[in-house]
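Enquirer: I need the structure of the sequence given here:
(one chain, ligands or ions: 1)
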Amino acid sequence: MQIAVLTGGGDCPGLNAAIRAVVRRALDYNYEVLGVHKGWAGLLNEGDAEALTAKTISGILPVGGTMLSTSRTNPMRDERHMHSVMRNIEKLGIDALVAIGGDDTLSVAYSLHQRGVHVVGVPKTMDNDISETDYCIGFDSAVTTVVDALDKLHTTASAHHRVMVVEVMGRDAGWVATFGGLAGGADYILIPEQPASIDSICQHLANRRALGKSFSIIVVAEGAILTDVEAPVDLREKDAFGHVRLDRRAIGEIAAREIERRTGFEARATVLGHLQRGGSPSVFDRVLATRLGVAAVDYVRDGKFGHMPALKGNRVVPVLLKDAIAQTRTVDGDLYELAKVFF
Ligand code: F6P
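Expert: Numbers count the residues shown, from 1 in each chain. Below is the predicted model of the structure:
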């Protein structure tokens, strides 16, 4: 029995921990493991993979990135590419495939499952927006970076009596902004799920000044919407899965400029960008990646294909890939109301 593992989409801390867990569990069952390079790109053309052993994965648990490399390659764009993937799966003697990735990678995994390939998914994305799971690998580490930045920005904001606008990633979901803002003591959190006017934000900042608060921290999600200021996306620049570059909107910079112009308060913008995807995984991500990686191989053993291990409460349970990719999981109103208690 040989299983393959790949990482697809944007990287994040915890991928290596998941790869390690997959390999270690597979070795328990005497399975051989093939590591596919560069996500789905490694199953195109001639195929690009390496044998993974206890030795090759040794020491990777705390290391960020992915030892297998990753890419945003989408074989579903061209039926010939899907055939190439299927052909390589057969040629390389892959009996089952563990695909670690976000909604894009998992949608390809689901399509392969529909075509009869033995696939199990593992949810990873710092955006934390996959349905049917409370947490995805990479989210906690990303938020930890955000909180560290907010702690640092607090001192400089306070020293200069400024408004600091911090733009974070997250695509069309505000999980990173909401958790980061909650844990980092933000004075306002702007997320795609809760559009707001710059006018109301300026009013909020003015109220804070009136109460004697000389500085403010605002966390803005890259996909956030200001109802009275334009921040258009450039539809010409899309990745293979059709996603636009949300960082190009520069919503943080736009908000900071407008705040300064309308209130007269000095404002600065910081874009955390890919820092949120770097570094060593947090404790939570190491444990989550380990639990999900082990569960994925157990699902292979049990023939539970077309499934993904998900964290629900504190339990890892199997969910259907079909349901996991059905829609983007967004921040619910209750959590945002909780965050609002503090601003
Ligand atoms: O999906 C993860 C993510 O980090 C998003 O939050 C962000 O919009 C995007 O990837 C950035 O992609 P890239 O690495 O291609 O710049």
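Enquirer: use CA for all of it now, contacts and neighbours both
Expert: OK.
Enquirer: what does the helix or strand harbouring Leu150 contact?
Expert: Assigned by DSSP states H and E, Leu150 falls within helix 139-160. The contact list for helix 139-160, computed with CA atoms under 8 Å, 6 or more residues apart in numbering, reads 12-13, 124-128, 163-164, 166, 168, 176, 179-181, 183-186, 214-217, 272, 275-278, 280-282, 284-285.
Enquirer: ok, 7 Å please
Expert: 13, 125-128, 163-164, 176, 179-180, 183-184, 214-215, 276-277, 281-282, 284-285 (CA atoms under 7 Å, 6 or more residues apart in numbering).
Enquirer: hmm, which of the residues you listed are the buried ones?
Expert: Neighbour counting with 16 or more other CA atoms under 10 Å marks 13, 125-128, 163-164, 176, 179-180, 183-184, 214-215, 276-277, 281-282, 284-285 as buried within the contacts of helix 139-160.
Enquirer: take those and keep only those in helices.
Expert: Counting by DSSP state H, the part of the buried ones among the contacts of helix 139-160 found in helices is 176, 179-180, 183-184, 284-285.
Enquirer: all strands in the stretch 51-200 of the chain, in order from the N-terminus.
Expert: 96-101, 119-123, 163-168, 188-190 (DSSP state E, counting those that start in this stretch).
Enquirer: residues of stretch 265-279 that come out buried?
Expert: 265-272, 276-279.
Enquirer: what's the answer for stretch 305-316, then?
Expert: In stretch 305-316, the ones that count as buried by 16+ other CA under 10 Å are 305-311, 316.
Enquirer: need the residues you listed in TSV with secondary structure and pLDDT, can you?
Expert: Listed next are these as TSV, based on DSSP: H, G, I helix; E, B strand; the rest coil; pLDDT from 0 to 100:
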residue	secondary structure	pLDDT
Phe305	coil	98
Gly306	coil	98
His307	strand	99
Met308	strand	98
Pro309	strand	99
Ala310	strand	99
Leu311	strand	98
Val316	strand	98
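Enquirer: and the furthest pair within the residues you listed?
Expert: Spanning the widest gap among the buried residues of stretch 305-316 are Phe305 and Leu311, at 17.5 Å by CA to CA.
Enquirer: hmm, who's touching stretch 267-278?
Expert: Contact with stretch 267-278 is made by 11-13, 64-65, 142, 145-146, 162-169, 252-253, 256, 259-260, as judged by CA under 7 Å, 6+ apart.
Enquirer: before we move on, the earlier item: between the strands of the stretch 51-200 of the chain, which gets nearest to Asn30?
Expert: strand 96-101 (13.9 Å).
Enquirer: touching the ligand at all, that closest one?
Expert: No - Strand 96-101 lies out of reach of the ligand by CA under 6 Å from any ligand atom, never closer than 9.7 Å.
Enquirer: what sits up against that strand?
Expert: Taking CA under 7 Å, 6+ apart as the rule, strand 96-101 contacts 3-9, 106, 109, 118-125, 296, 300.
Enquirer: for it, which strands pair with it and how are they oriented?
Expert: For strand 96-101, the paired strands and their directions (DSSP bridges) are strand 2-7 (parallel), strand 119-123 (parallel).
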